[in-house]
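**Q** dropping the sequence and predicted coords here.
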Amino acid sequence: MFNQFKIMLKNINFLLIATLLFSSCSSNKDVEFKSITNLDLGNLSKKSATIRGNLSFNNKMDEVLNLEDMILDLSIDGKDVGTIVIQANKIAEAKSEFTIPLSYTYETKLFIEEGHDPSSAYEVKISGELTAKNQKGEEIKIPVDFSATIDYLSNKEKRVEKRESRKEARQERREERKARRAQRKAND
């Protein structure tokens with residue numbers, strides 16, 4: 001009977017220690033990665049391009065966090081493009097949203113064949129983690145997982161699109177002026 005009690009206590013101790021270790025090593029759900037905004041792949045018609053964007057996070061905790069670094073893996077169209085290391089050196093206020101800028105230069109030949117024009121859309125995957133420390137000095141790992149299809153426009157296509165949108169806006173203004181003139185004539 002005593003041996004069974006002893007075995008049961010060992011099992012309970014083991015479960016408590018395992019639960020404690022698991023909860024202290026797991027990533028924190030009170031700080032979450034939300035999305036990447038303003039993501040731009042750069043000029044893919046060159047030998048190298050710079051991906052830019054802003055990583056958005058939400059700190060739901062009641063304490064300030066010291067953001068240290070972020071290590072992210074970047075893949076485009078399923079091909080590994082590189083590892084992004086960002087030294088954040090920033091403070092995340094309690095109960096607030098914060099952003100970290102992303103800028104990484106990479107070689108385009110890793111996923112675009114030489115002599116070919118860039119395609120119109122790319123599957124971009126960015127994953128890794130942000131490391132932060134709370135006020136007690138405890139390390140917190142915040143997972144980052146982003147995946148999206150990004151439409152790519154060359155600089156020439158961007159200029160044409162901008163020109164077209166300006167042309168449409170001018171046409172709308174003309175139509176509005178014509179309508180106002182016609183209304184004034186009808187009122188006179």
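**A** In hand now; what should we look at? Remember, predicted model here, so these are calculated numbers, not experimental data.
**Q** can you list the domains in the chain?
**A** 28-152, 155-188 (automatic domain parsing).
**Q** what's opposite P143 in the beta bridge?
**A** E129 (DSSP bridges).
**Q** any idea which of the domains of the chain is most buried?
**A** domain 28-152 (a mean of 15; mean count of other C-beta atoms under 10 Å). Just so you know, the C-beta spots here come from the backbone N, C-alpha and C atoms, and that holds for glycine as well.
**Q** from Q87, how far out is the residue at minimal distance from the centre of the chain?
**A** Centroid check for the chain by C-alpha atoms, centre = their mean gives I36 as the closest residue, at 2.7 Å. Going from I36 to Q87 by C-beta to C-beta, to the nearest Å gives 18 Å.
**Q** ok so, going back, so the residue nearest to the centre of the chain sits against F146, correct?
**A** Yes - counting by C-beta atoms under 8 Å, I36 does reach F146; the two are 5.1 Å apart.
**Q** between the two, what contacts are shared?
**A** I126 (C-beta atoms under 8 Å, 6 or more residues apart in numbering).
**Q** please enumerate the helices of the protein.
**A** Under the criterion DSSP state H, the chain contains helices at 2-25, 155-187.
**Q** comparing these by mean pLDDT, which bottoms out?
**A** Mean pLDDT is lowest for helix 2-25 among the helices of the chain, at a mean of 52.
**Q** on that earlier part again, pick out the shakiest of the domains of the chain, pLDDT-wise.
**A** domain 155-188 (a mean of 84).
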